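Participant: sequence and predicted structure, then a few things I'm wondering about:
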Amino acid sequence: MRTENSSEDRFKIGARVSWGNMIANLGLVAFKLIAGIVGKSSAMVADAAHSASDLLATAVVIMSLRVSKRPADVDHPYGHGKAEPVAAKIVGLILIIAGCAIGSNSARKIAVGGYTEPGRIALVAAVVSIVVKEAMYRITAATAEAIESSAVMAEALHHRSDAYSSVGTFIGILGARLGVPVLDPIAGIVVAALIVKMGFEITRKSSDELMDAQADPDTLRAVQEAIDSVEGVSDVHYMAARRYGGYAHVDLRIGVDPSLSVVEGHNIAVAAEKAIKGVCPHVIGVMVHVDPESVHEDDPIGHGYADVFQPEGPQRIAQPNAAEMTSVVEPSHIRE
């Protein structure tokens, strides 16, 4: 889990890296395109097109970071954090489209024939691209982990796919220069397949986040430990956490002594919320429902079951319906 970063800090850090990537990509695209045309390498031209798609992907990421930092409002009471997985999904689709276009172009060259031996400049461009793109991947991935941004991580993986693309391009160009010119477009097809595969992986992960998939085990473990430290909580009937961008929201049902007053139960719920936010800075929303500790899975208050994280492994714990999860024990004067 990351250390605490404000929305503004996350935006500045992510945007700074993304703008740097965009400038580097502009130079790389120009160099690779010229090298591909002058060196008569279809694989290098395809590689340049892939790098050009990075520019669009980076622009999408920057916009998503700007949107995600906006605070919650009347129309978006849970904030704008999901702008990041939306951007990641767009980046994934860009990769899929770019990969299909590269593969189609390479396959057409194989079908038509008439191969030419690529020039040395295309080989040099491939080496430069591998080094630069791998460096961009490492820097961007480290930034994505630091601010826990799915959009920035998607951008990092896009750079890694470009590095793979350049490796395939290098092999194809080298093989063509050694007397097997068909290797140049074949390398383009292999590279295209890798790009499409990575695009599907990014799209799948972002779709999980958009559909409120369970948060990572580290977050769940930290939440559990925080609850265990709260005096008055006898057990946890239900726990779930969902991610949106670099943030998370936690839903809880805790058991307390049934003889406690409403105010005392409310105070325990508030203490649980503070404890969770204290150890998980990225958790910005906590919904705590207070049950008497005698409630069991077969009681009317719980309907259905869900696999949720527990330190000793997943367990079947009663899951309330949506209406029940929105109710939190509060004294009437607090609601006013």
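Facilitator: Okay, I see it. Numbering: from 1, shown residues only.
Participant: and residue 291, what is it in contact with?
Facilitator: Taking CB atoms under 8 Å, 6 or more residues apart in numbering as the criterion, residue 291 is in contact with 237, 253, 254, 255, 256, 301. C-beta here means a position set from N, CA and C on the backbone, and glycine is covered the same way.
Participant: could you dump those into JSON lines and include pLDDT?
Facilitator: Output for the contacts of residue 291, formatted as JSON lines (pLDDT from 0 to 100):
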{"residue": "237", "pLDDT": "86"}
{"residue": "253", "pLDDT": "91"}
{"residue": "254", "pLDDT": "90"}
{"residue": "255", "pLDDT": "90"}
{"residue": "256", "pLDDT": "91"}
{"residue": "301", "pLDDT": "44"}
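Participant: just those residues now: which is nearest residue 158?
Facilitator: residue 253 (40.4 Å; CB to CB).
Participant: helix, strand or coil for the closest one?
Facilitator: strand (DSSP: H, G, I helix; E, B strand; the rest coil).
Participant: now do residue 237
Facilitator: strand.
Participant: now it. Nearest residue, chain neighbours left out?
Facilitator: residue 253 (4.0 Å; CB to CB, 6 or more residues apart in numbering).
Participant: pretty sure that neighbour sits against residue 292.
Facilitator: No. Using CB atoms under 8 Å, residue 253 makes no contact with residue 292, being 11.1 Å away.
Participant: name the residue in the two with the higher neighbour count.
Facilitator: residue 253 (24 against 15; other CB atoms under 10 Å).
Participant: separation between the more buried one and residue 139?
Facilitator: Taking CB to CB, to the nearest Å as the measure, residue 253 falls 42 Å from residue 139.
Participant: re the thing from before, the residue nearest to residue 237 pairs with what?
Facilitator: residue 238, residue 289 (DSSP bridges).
Participant: could you check the pLDDT of residue 319?
Facilitator: Confidence at residue 319, expressed as pLDDT, is 44.
Participant: let's have the chain start at 30 instead
Facilitator: Got it, first residue is 30 now, which makes that one residue 348.
Participant: spatially nearest residue to the residue nearest in space to the middle of the chain (excluding sequence neighbours)?
Facilitator: When CA atoms, centre = their mean is applied to the chain, the residue found nearest the centroid is residue 179 (2.2 Å). Spatial nearest neighbour of residue 179, excluding adjacent residues (CB to CB, 6+ apart): residue 117 at 4.7 Å.
Participant: quick one: mean pLDDT over whatever helix or strand the one you found lives in.
Facilitator: Residue 117 belongs to helix 112-141 when assigned by DSSP states H and E. For helix 112-141, the mean per-residue pLDDT is 84.
Participant: chain center to it, what's the gap?
Facilitator: 19 Å (CA atoms, centre = their mean, to the nearest Å).
Participant: give the next helix or strand downstream of that helix.
Facilitator: helix 149-176.
Participant: tell me which residues in that following helix are buried?
Facilitator: 150-152, 154-155, 158-159, 161-163, 165-166, 168-170, 172-173, 175-176 (16 or more other CB atoms under 10 Å).
Participant: what angle separates that helix from helix 112-141?
Facilitator: Between helix 149-176 and helix 112-141, the angle comes out at 160 degrees (axes from the mean of the first three to the mean of the last three CA atoms, to 10 degrees).
Participant: check which helices and strands helix 149-176 is in contact with.
Facilitator: helix 36-67, helix 71-97, helix 179-206 (3 or more CB pairs under 8 Å, 6 or more residues apart in numbering; DSSP states H and E).
Participant: that one to helix 179-206, inter-axis angle?
Facilitator: 160 degrees.
Participant: now the angle from helix 149-176 to helix 36-67?
Facilitator: Going by the same axes, to 10 degrees, helix 149-176 makes 170 degrees with helix 36-67.
Participant: tell me the most buried of the helices and strands packed on helix 149-176?
Facilitator: helix 179-206 (a mean of 26; mean count of other CB atoms under 10 Å).
Participant: so what does that helix touch, helix or strand wise?
Facilitator: helix 36-67, helix 71-97, helix 112-141, helix 149-176, helix 212-239.
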